[in-house]
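# I need the structure of the sequence given here:
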Amino acid sequence: MELTFIVSSTKSTIISLRKIREGKAGLSNHRKSLFNKVPQSGDWAKVKKGSVTTKDLAYLSSYTNHEFAILSGKNEDIIFHGTHYHCVFRDILYDLLKSKKLELMAHSHVDSGRLAPSQDDKEFLSKIGQKESIIVSAIDANEIIYYNSDFFQIF
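Residues are numbered from 1 along each chain as shown. The predicted structure follows:
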């Protein structure tokens, strides 16, 4: 799993995300374009590999109060629009994850408090045979790597 980190002011990101949640600011053109590809819960779209970041997920989640996910494939990525507390992958997406043609690169959480995977998050990784993934917060864009087992969880 290749990760890219961009250094920016944490405080300005928190303020920006709060303004998005409060409706006092809008999405950048890039993020509007991503949202327009997946405007409803359950929508998913193929996108250029590497064109969606975890920070994009944080902003989309702040805008909608829904979870979003990046599924990474060999030649392209998929952006997925979940619901308030879940990203449920069905049918072809589930099959592609299970067969390792896609990887759950990251998903967002919209709740405040300590950023941590749910039991469902860990169990889903186990079901698809994936060892780790990333969660990003819609509150402050912080992210953690989580694992399919509590044994590997590092805090």
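# which strand runs longest in this structure?
Longest among the strand segments of the chain by residue count, using DSSP state E, is strand 102-109.
# for the helix or strand that that one is followed by, name the packing helices and strands.
Following strand 102-109 in sequence order, the next helix or strand is helix 119-128 (DSSP states H and E). Where contact means 3 or more Cβ pairs under 8 Å, 6 or more residues apart in numbering; DSSP states H and E, helix 119-128 is packed against helix 91-98, strand 102-109, strand 132-137, strand 143-147. Where C-beta positions appear, they are placed from N, C-alpha and C, glycine not excepted.
# give me the low-pLDDT residue ranges for the protein?
The chain contains residues with pLDDT under 70 at 1-9, 150-155.
# what pairs with the residue nearest the centre of the chain across the strands?
For the chain, residue 107 is the residue whose C-alpha lies nearest the centre (Cα atoms, centre = their mean; 2.3 Å). With DSSP bridges as the criterion, residue 107 is bridged to residue 69, residue 135.
# wasn't residue 79 part of a helix?
No: using DSSP: H, G, I helix; E, B strand; the rest coil, the assignment for residue 79 is strand, not a helix.
# and for it, the neighbour number?
22 (other Cβ atoms under 10 Å).
# give the contact list for it.
Residue 79 is in contact with 34, 37, 38, 44, 45, 47, 52, 68, 69, 70, 71, counting by Cβ atoms under 8 Å, 6 or more residues apart in numbering.
# re earlier: any chance you could list what contacts the longest strand of the chain?
Strand 102-109 is contacted by residues 1, 54, 57-58, 60-61, 67-73, 77-78, 82, 87, 93, 96-97, 115, 121, 124-125, 128, 130, 133-138, 143 when judged by Cβ under 8 Å, 6+ apart.
# same deal with stretch 89-99?
Looking at what lies outside stretch 89-99 - Cβ under 8 Å, 6+ apart - the contacts are 44, 69, 71, 73, 78, 80, 102-104, 127-130.
# mind doing that once more with 10 Å?
Residues from elsewhere that reach stretch 89-99 (Cβ atoms under 10 Å, 6 or more residues apart in numbering): 42, 44, 69, 71, 73, 78, 80, 82, 87-88, 101-104, 124-125, 127-130.
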